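Trainee: Build the 3D model from these lines:
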Amino acid sequence: MGFNNLRLLIVTWGVIAGMMIIFPCFAHGLTITADMQYAYALASQKEASHETAMVEWKRFIHFFPLDPRIPTAQFNLAMSLFHLKKWDQARTIFQSQQFPYVGSSRNIESFFMLSKTLLAQGRPGGAQQVLQDLFSVSDSPEVKDRALWTLAWMHLDRAKNMEPGSLERADAFLSKISMAGEMVFHTREVRQAVETILNQDQKSPFVAGVTALVPGGGFAYCERYRDALAAFVINAGLIFAAHESFEGGNNVLGGLICVVESGFYGGSIYGSISSAHKYNRFKTRQKLDHIRHLEVRDRPYAFLEEPSQAYPNSGMLFSVQIPF
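Mentor: Just a heads-up that it's a prediction; the model follows:
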């Protein structure tokens, strides 16, 4: 037997042996373990592939129901649902992981994420109650400080719309933060800004309305001088036109001009009162935006990890059958 024939025989037997090993594996199916599925779901979540992560977490929960990482997988599923704005589904899972309170990372984050979900649904009262519940049940000073800080910023955000008492409530929460928390959350600077806002000069809507009896006076009081000039010119022009019409015996035209003028005059008074509110709101937002960089926010995308372990319960997620 020549050398070439011998080499060909060796290669042929090698191919046959490889097929005998590989094809039975495909014939019996490709098995995905719990670790593999969990790792893929977590990787999708880290990449912010929310749709994919949601599907993979559901698949993990379905195929590996006895895996001890199921509670963490459910939390991460809720995180994916939150970022997909599926508020109701996310809220249900976060609520289920609140109690019993054990102080674990997942347990604590469930409170904060439930609060965020309720806030996103336009339920600020419920969002605040969740954090107050956490403050009550937790023995950790760090958790309590974080809850108080979050509650304070909820009220500071509401202060932007000039909600009565919101600044005072925010300051009350900030005052309860521990000395250690003051260094983390910069409470001193924030409280100084709140005090400045509370003591700042504000425009009185009543005074604005009274001064608006003189066309343009209310706008001038609110430091809107161009609007004041425009209001004065328009109202003065219409009043003069109405006077000239009546003097010339054209009562119908004079009456129509008076009707138009009454609309402009009333609008000037209303606009002046509204300008006072806008002026105060603008000054408040300006000062709050100035300290926005001090707000300690959570990571834009939070998830929980579990250490990889070799779990005995693996499942068949899909199989590839190759007949031969």
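Trainee: Model confidence at residue 299, what's the number?
Mentor: Listed pLDDT for residue 299 reads 46.
Trainee: In three-state terms, label residue 139 for me.
Mentor: coil (DSSP: H, G, I helix; E, B strand; the rest coil).
Trainee: so it sits right up against residue 108, yeah?
Mentor: No. Residue 139 is beyond contact range of residue 108, at 11.6 Å (criterion: Cβ atoms under 8 Å). Any C-beta I mention is one placed from the backbone N, CA and C, and that applies to glycine too.
Trainee: neighbour-wise, which of these two wins?
Mentor: Applying other Cβ atoms under 10 Å to residue 139 and residue 108 shows that residue 108 carries more neighbours, namely 21 against 8.
Trainee: which residues sit in contact with that one?
Mentor: Under the criterion of Cβ atoms under 8 Å, 6 or more residues apart in numbering, the neighbours of residue 108 are 134, 138, 143.
Trainee: Which one of those residues sits in the busiest neighbourhood?
Mentor: Top of those by neighbour count (other Cβ under 10 Å): residue 134, with 25 neighbours.
Trainee: Can I get the contacts of residue 108 in TSV including pLDDT and distance to residue 161?
Mentor: Formatted as TSV, the contacts of residue 108 follow (pLDDT from 0 to 100; distance: Cβ to Cβ, whole Å):
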residue	pLDDT	distance to residue 161
134	93	26
138	90	30
143	91	29
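Trainee: for those residues, which one is nearest residue 217?
Mentor: residue 134 (51.6 Å; Cβ to Cβ).
Trainee: quick one: buried residues of the helix or strand hosting that closest one?
Mentor: Per DSSP states H and E: residue 134 is located in helix 124-137. Residues 124, 127-128, 130-131, 133-135 are the ones in helix 124-137 that count as buried (16 or more other Cβ atoms under 10 Å).
Trainee: Output that helix in CSV with nothing but the alpha carbons.
Mentor: Only the C-alpha atoms of helix 124-137 are listed here, as CSV (Å, rounded to 0.1, in the frame of the first residue of the first chain):
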residue,chain,number,x,y,z
PRO,A,124,-47.0,59.9,43.4
GLY,A,125,-49.0,59.3,46.6
GLY,A,126,-48.5,55.5,46.2
ALA,A,127,-44.8,56.0,45.3
GLN,A,128,-44.2,58.0,48.5
GLN,A,129,-46.1,55.5,50.7
VAL,A,130,-43.9,52.6,49.4
LEU,A,131,-40.7,54.5,50.4
GLN,A,132,-42.2,55.4,53.8
ASP,A,133,-43.0,51.7,54.4
LEU,A,134,-39.4,50.9,53.5
PHE,A,135,-38.2,53.5,56.0
SER,A,136,-40.3,51.9,58.7
VAL,A,137,-39.3,48.3,58.2
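Trainee: Fine by me, thanks again.
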